[in-house]
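Q: coords please:
(chains A and B)
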Amino acid sequence: MQMLQAECPVCAGLITAHDVLVGEIIPCRDCGAELEVSTIEPFTLELAPTVQEDWGE
Amino acid sequence: MNHAAQSTPVTGHAAPSATRPAISVGIVGASGYAGGELARILMDHPGIAQLQVASAHHAGTYLHALHPHLRPAFGHDPIRIVSLDDLAPCDVLFLAQRHGMSMGEIDRFARYAPRIIDLSADFRLHDPQDYPRWYGHAHADATRLATAVYGIPELHRSELPDATLISGAGCLATAAILGLRPLVATGLLDQQLPLVIEGKVGSSALGATPAPGSHHPERSHVVRAYAPTGHRHTAEIAQELRWPIASGSVSGGIAFSATAVELVRGVAITAHAFIREKLTERDLWQIYRQAYRDEPFIRLVKERAGVYRYPEPKVLAGTNFCDIGFEVDPHAQRIVIIAALDNLMKGAASNAIQALNCAMGWDETTGLRFTGLHPI
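A: Prediction:
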């Protein structure tokens, strides 16, 4: 199975994945960003939209 | 009575390797908090064959009478504290005494052990002239001072195997230095502006000796600015970052303030560094990754979700980690650095044992793999 690699658009960390689909959400292990798979070939990621959170402070 | 005969074998562990047999160690100043933490880690360290603890004021008592978390367990005999006169020769001697006590007696201690690791401030500053300025007294042994290695392994790892005198580092200073060093090393900071560092520290940093300010009704619930300027750690921060202290025609400098907060253990620093050129957060990730990618005890903590998005000393209690986070201020030419650690651990005892591991050529993480508690 092909290992896909891309750079996190937030922190430039290395993201690896296999067997993923367009639209799937992958977390970055370094910065925790939720990344959405945009395309498989080439393998590209975008920051996934999130519901704004009231962090309380 | 020869209390040295009470040296306690640490059993049940293999030596780290056949070519590097387990060693004997001693702790002077076992009654203090850092001394207790040294003992806790060394008691279960596979590289240690014999551990003795000494105290000027508590000889004859059991160690667990002072440090109840060290009550005997797993078949170990209780450790009895010996007097300094009854200390037996050993391979490595840790000094965990108050500042100012080691420098005048270092020759005496050197007769006990060929390698000394001193947790006090007595051998931190390279220049003896800095001692009157920052500690209010002259240095008693400039010759020995010149041989000391500043014992943060992330900075001076290669010097440790040959060092006969290793100095511990200040807890707040350790957080500030490790947090800022990669950024300073880029050369992109504006040295005409100060490195502004605000340090927050828990009550155990004051030590085990009571003082009016540590009395519970006075200390509890405070946010006490106890050193808005002039904190002693300023000197070692400047030394290790190679950042000039402002004086005369030198502007900028280190602008360090320290505040006592409602913690028993823990240090957090928030530093503000001003840049000449624009940096992005991706740039910072790459700068810090490059600096610390191989460091076992430094973690980059900057997460986009969750409660603990930045370094937090609460979850580092008992660990040897220094967690570091950062953020670019979009409204100013400013980088904010946050670093956190346990002042008794990475800020004192466990950092000293990390230095020992490096000096002995052992796996650097030996005895130091506790990852913390949550919730706590």
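
Q: for chain A, what are the nearby residues on chain B?
A: Proximity of chain B to chain A, by CB under 8 Å from any CB of the partner chain, involves residues B:281, B:282, B:285, B:286, B:289, B:300, B:302, B:303, B:304, B:305, B:306. Using the backbone N, CA and C atoms, a C-beta is placed for each residue, glycine as well.

Q: Mind checking which of the residues you listed land in helices?
A: In helices, defined here by DSSP state H, the members of the residues of chain B next to chain A are B:281, B:282, B:285, B:286, B:289.

Q: Thought residue B:327 was touching the first one, still the case?
A: Yes. Residue B:281 is in contact with residue B:327 according to CB atoms under 8 Å; the separation is 7.1 Å.

Q: Please compute how far the helix or strand that contains residue B:180 lies from its chain's middle.
A: Assigning secondary structure by DSSP states H and E places residue B:180 in helix B:171-185. Averaged C-alpha coordinates place helix B:171-185 at 13 Å from its chain's average position (CA atoms, centre = their mean, to the nearest Å).

Q: Okay, buried residues for that helix please.
A: Within helix B:171-185, the residues that count as buried by 16 or more other CB atoms under 10 Å in any protein chain shown are B:171-184.

Q: any idea which of the ones in helices among the residues of chain B next to chain A is closest to residue B:21?
A: residue B:289 (37.4 Å; CB to CB).

Q: what's the closest one in contact with, if anything?
A: Listed by CB atoms under 8 Å, 6 or more residues apart in numbering or on different chains, the contact partners of residue B:289 are A:13, A:30, B:300.

Q: and the residues you listed, which of them are in strands?
A: residue B:300 (DSSP state E).

Q: Highest neighbour count among the contacts of residue B:289?
A: residue B:300 (21 neighbours; other CB atoms under 10 Å in any protein chain shown).

Q: contacting residues for that residue?
A: With contact set as CB under 8 Å, 6+ apart, residue B:300 has these partners: A:30, B:285, B:288, B:289, B:292, B:323, B:324, B:325.

Q: Need the contacts of residue B:289 in TSV (columns: distance to residue B:229).
A: Below are the contacts of residue B:289 laid out as TSV (distance: CB to CB, whole Å):
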residue	distance to residue B:229
A:13	39
A:30	37
B:300	30
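
Q: Let me know the closest of the contacts of residue B:289 to residue B:348.
A: Nearest member of those to residue B:348, counting by CB to CB, is residue B:300, at 23.0 Å.

Q: still on that earlier bit, in PyMOL, how would I select just the buried ones from the contacts of residue B:300?
A: In PyMOL syntax, the buried subset of the contacts of residue B:300 is picked out as below (16+ other CB under 10 Å):
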select buried, (chain A and resi 30) or (chain B and resi 285+288+289+292+323+324+325)
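
Q: what's the closest of the contacts of residue B:300 to residue B:344?
A: Lowest distance from residue B:344 to these (CB to CB) belongs to residue B:323, with 16.0 Å.

Q: hmm, back to that, with distance to residue B:85 and pLDDT as added columns, please give the contacts of residue B:289 in TSV.
A: Converted to TSV, those look like this (distance: CB to CB, whole Å; pLDDT from 0 to 100):
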residue	distance to residue B:85	pLDDT
A:13	56	94
A:30	54	93
B:300	48	97
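
Q: buried sites along the host helix or strand of residue B:340?
A: In this structure, residue B:340 sits in strand B:334-341 according to DSSP H and E. Judged by neighbour count using 16+ other CB under 10 Å, the buried positions of strand B:334-341 are B:335, B:336, B:337, B:338, B:339, B:340, B:341.

Q: Repeat that for stretch A:5-25.
A: Buried, per 16+ other CB under 10 Å, within stretch A:5-25: A:6, A:8, A:9, A:10, A:11, A:12, A:13, A:15, A:17.

Q: could you dump that stretch to PDB, C-alpha only?
A: Provided in PDB are the C-alpha atoms of stretch A:5-25 (Å, rounded to 0.1, in the frame of the first residue of the first chain):
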ATOM      1  CA  GLN A   5       3.400  12.100   2.500                       C
ATOM      2  CA  ALA A   6       2.600  15.800   2.800                       C
ATOM      3  CA  GLU A   7       3.600  18.800   4.800                       C
ATOM      4  CA  CYS A   8       1.200  20.200   7.500                       C
ATOM      5  CA  PRO A   9       0.000  23.500   6.200                       C
ATOM      6  CA  VAL A  10       0.200  24.900   9.800                       C
ATOM      7  CA  CYS A  11       3.500  23.800  11.200                       C
ATOM      8  CA  ALA A  12       5.300  22.200   8.200                       C
ATOM      9  CA  GLY A  13       5.500  18.900  10.100                       C
ATOM     10  CA  LEU A  14       5.600  15.700   8.100                       C
ATOM     11  CA  ILE A  15       2.200  14.000   7.700                       C
ATOM     12  CA  THR A  16       2.100  10.400   6.600                       C
ATOM     13  CA  ALA A  17      -1.000   8.400   5.700                       C
ATOM     14  CA  HIS A  18      -2.300   5.500   3.700                       C
ATOM     15  CA  ASP A  19      -5.700   4.300   2.600                       C
ATOM     16  CA  VAL A  20      -7.300   7.700   3.100                       C
ATOM     17  CA  LEU A  21     -10.200   9.300   1.200                       C
ATOM     18  CA  VAL A  22     -10.800  12.800   0.000                       C
ATOM     19  CA  GLY A  23     -12.500  14.700   2.800                       C
ATOM     20  CA  GLU A  24     -11.100  12.500   5.500                       C
ATOM     21  CA  ILE A  25      -9.700  14.300   8.600                       C
END
